[in-house]
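Trainee: only geometry, no sequence info:
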Ligand SMILES: [Zn+2]
């Protein structure tokens, strides 16, 4: 089913909406260039809350799982990507002290061997050269995000191995694996300062004050993909996730033009590579394009 000259990108995410907040402009850019982009969404986001006051209504809560599927469908169309659910159940974000146990059967509690299986099957069917996922801390400490990291690394390693999951299709080795590194201290500082310079109040002040520089990940960035032109597409996809994203909230506090001027890239760490590629890079397909077209 796959054309050997076709570039393919697989983005693995935990919940509907994560694809629109992490790497969305990168995906829109590659779609515009003719790359096939597939989003794998691990869970249905069933245990998410309603984070937009305008949507916090009983009729929304009643059918939240279905609404999240509909929101995902709209975001998928806006980004121009393909999308599939891996079929797991959202673990929810446990809150309290002590933390309550995770709900039985949820994604985060599954053994990684079992939880990675649908992703291995998807990789073997879609045959991406490049995969994106979260770093080992999930990028954000949600148990589903950490699990998404674990299944992505596991599937990256297993999908190309004929001895593993032999029932799940022909082996396929993905060439490069990236972690999202978008929310770094230097970027947040740069946006913060640019907002202050316009005389507006910065939504990032409190965040920055609490930010321990030891937890900054910016030194890990290997790859900055210029995609500022697609920030409006990213924002439209985010807004499609109406239950999760408050259009008056922090996501939109910094004007797009400011972001395009100050930080017009989405940033990544090249975590695994089977091709030669000099870093820093500005393209997730560096080292792959020539190989694909030379065939
Ligand atoms: Zn999430």
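Mentor: Structure's in. What do you need? Everything numeric in this text was worked out from a predicted model, so none of it was measured.
Trainee: in this protein, what residue is nearest the ion?
Mentor: Here the chain gets closest to the ion at one residue, residue 15, 3.7 Å apart by Cβ to the ion. C-beta here means a position set from N, CA and C on the backbone, and glycine is covered the same way.
Trainee: Next, the contact list for that residue, please.
Mentor: Residue 15 makes contact with 41-45, 48, 68, 90, 144 under the criterion Cβ atoms under 8 Å, 6 or more residues apart in numbering.
Trainee: so which of the residues you listed comes closest to residue 194?
Mentor: Distances from residue 194 to these, taken as Cβ to Cβ, are shortest for residue 48 (30.9 Å).
Trainee: My understanding was that that closest one contacts residue 67; is that so?
Mentor: No: between residue 48 and residue 67 there is no contact, the gap being 10.2 Å when judged by Cβ atoms under 8 Å.
Trainee: So for the two, which residues contact both of them?
Mentor: With contacts taken as Cβ under 8 Å, 6+ apart, the residues that reach both residue 48 and residue 67 are residue 243.
Trainee: Confirm that residue 135 lies within a strand, as I assumed.
Mentor: No: counting by DSSP: H, G, I helix; E, B strand; the rest coil, residue 135 falls outside a strand, being coil.
Trainee: Pretty sure residue 178 sits in a helix.
Mentor: No: Residue 178: not assigned to a helix; according to three-state DSSP it is strand.
Trainee: Nearest residue to it in space, please, no chain neighbours.
Mentor: If you skip the residues right next to it in sequence, residue 178 has residue 268 as its closest partner in space, 4.2 Å away by Cβ to Cβ, 6 or more residues apart in numbering.
Trainee: and the helix or strand hosting that neighbour with strand 176-180, angle?
Mentor: Secondary-structure assignment from DSSP states H and E places residue 268 in strand 265-273. Relative orientation of strand 265-273 with respect to strand 176-180: 140 degrees, computed using axes from the mean of the first three to the mean of the last three Cα atoms, to 10 degrees.
Trainee: Give me the residues contacting strand 265-273.
Mentor: Applying Cβ under 8 Å, 6+ apart, the external contacts of strand 265-273 come out as 23, 25-26, 132, 135, 153, 156, 175-182, 184, 187, 217-218, 220-228, 277, 279, 281-282, 284, 287.
Trainee: out of those, which are buried?
Mentor: Taking 16 or more other Cβ atoms under 10 Å as the criterion, what is buried in the contacts of strand 265-273 is 23, 25-26, 132, 135, 153, 156, 175-182, 184, 187, 217-218, 221-225, 227-228, 277, 281, 284, 287.
Trainee: Which of the residues you listed fall within strands?
Mentor: Among the buried ones among the contacts of strand 265-273, DSSP state E puts 132, 176-180, 223-225 in strands.
Trainee: helices and strands of this structure: which one bottoms out on pLDDT?
Mentor: helix 289-294 (a mean of 67; mean pLDDT, DSSP states H and E).
Trainee: Quick check, residue 188 in contact with residue 211.
Mentor: Yes: counting by Cβ under 8 Å, residue 188 sits close enough to residue 211 to count as a contact (7.4 Å).
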